[in-house]
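>>> predicted model and sequence below, questions to follow.
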Amino acid sequence: APFKFEFLEEEELEESFNVALHALGRLVILAARSIVDGDFKLFKKVLMRYSRLSIALSNLPLSILKAYDEVAKLEDIACKIDEDFRGFMLFCEDRDRLAEGLNRVRKMGFKAITLRC
């Protein structure tokens, strides 16, 4: 299930964002560690958490969340939402699986950047 945040007290808004940004920062560090260790499964898991938290904080359209959930389920493909160009970054070790993921994203009407690990 996706994360959803609702800030109830405006006075605590800055602290709430600090907590959320800290969580994003920790996930970036964990992603870097998984790359250094060559642990693709952990990398995929971390990107999934990062993307869902980013979606919750950025008010991206629900259609992007639904598309993300579908792409994230693809085996051997790690997927990250790119908030800047409102598309996906796909990572995979296998060229054919990466092409499959790219085709799936394009059929849903979104842009994607692919990176072979």
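Received the coordinates, thanks.
>>> from here on, just use CA atoms for contacts and neighbour counts.
Noted.
>>> strands along this structure, start to end?
Counting by DSSP state E, residue ranges of the strands within the chain are 77-82, 87-92, 112-116.
>>> which residues touch the shortest one?
What that stands for is strand 112-116. Applying CA atoms under 8 Å, 6 or more residues apart in numbering, the contact partners of strand 112-116 are 87-95, 98, 102, 105-106.
>>> how does it look with 7 Å?
If you take CA atoms under 7 Å, 6 or more residues apart in numbering as the criterion, strand 112-116 is touched by 87-93, 95, 102, 105.
>>> mind checking which of these are buried?
87-92, 102, 105 (16 or more other CA atoms under 10 Å).
>>> save the strands of the chain as TSV, and put in mean pLDDT and distance to residue 25 too.
Conversion of the strands of the chain to TSV gives the following (pLDDT from 0 to 100; distance: least, CA to CA, whole Å):
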stretch	mean pLDDT	distance to residue 25
strand 77-82	87	15
strand 87-92	90	18
strand 112-116	89	22
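>>> count the residues that sit near residue 112.
Under the neighbour criterion other CA atoms under 10 Å, residue 112 is assigned a count of 22.
>>> name the nearest residue to it, sequence neighbours excluded.
Counting by CA to CA, 6 or more residues apart in numbering, residue 88 is the residue found nearest to residue 112 once chain neighbours are left out, at 4.6 Å.
>>> got a list of what that neighbour touches?
With contacts defined as CA under 7 Å, 6+ apart, residue 88 is in contact with 79-82, 111-113.
>>> so where's this protein shaky on pLDDT?
Applying pLDDT under 70 to the chain flags residues 1-14, 16-17, 85.
>>> ok, longest helix in it?
When the chain is parsed with DSSP state H, its longest helix is helix 13-37.
>>> what residues of it count as buried?
With burial defined by 16+ other CA under 10 Å, the residues of helix 13-37 counted as buried are 16, 20, 24, 27-28, 30-31, 34.
>>> same for that helix, what does it pack against?
Applying 3 or more CA pairs under 7 Å, 6 or more residues apart in numbering; DSSP states H and E, one finds that helix 13-37 contacts helix 40-58.
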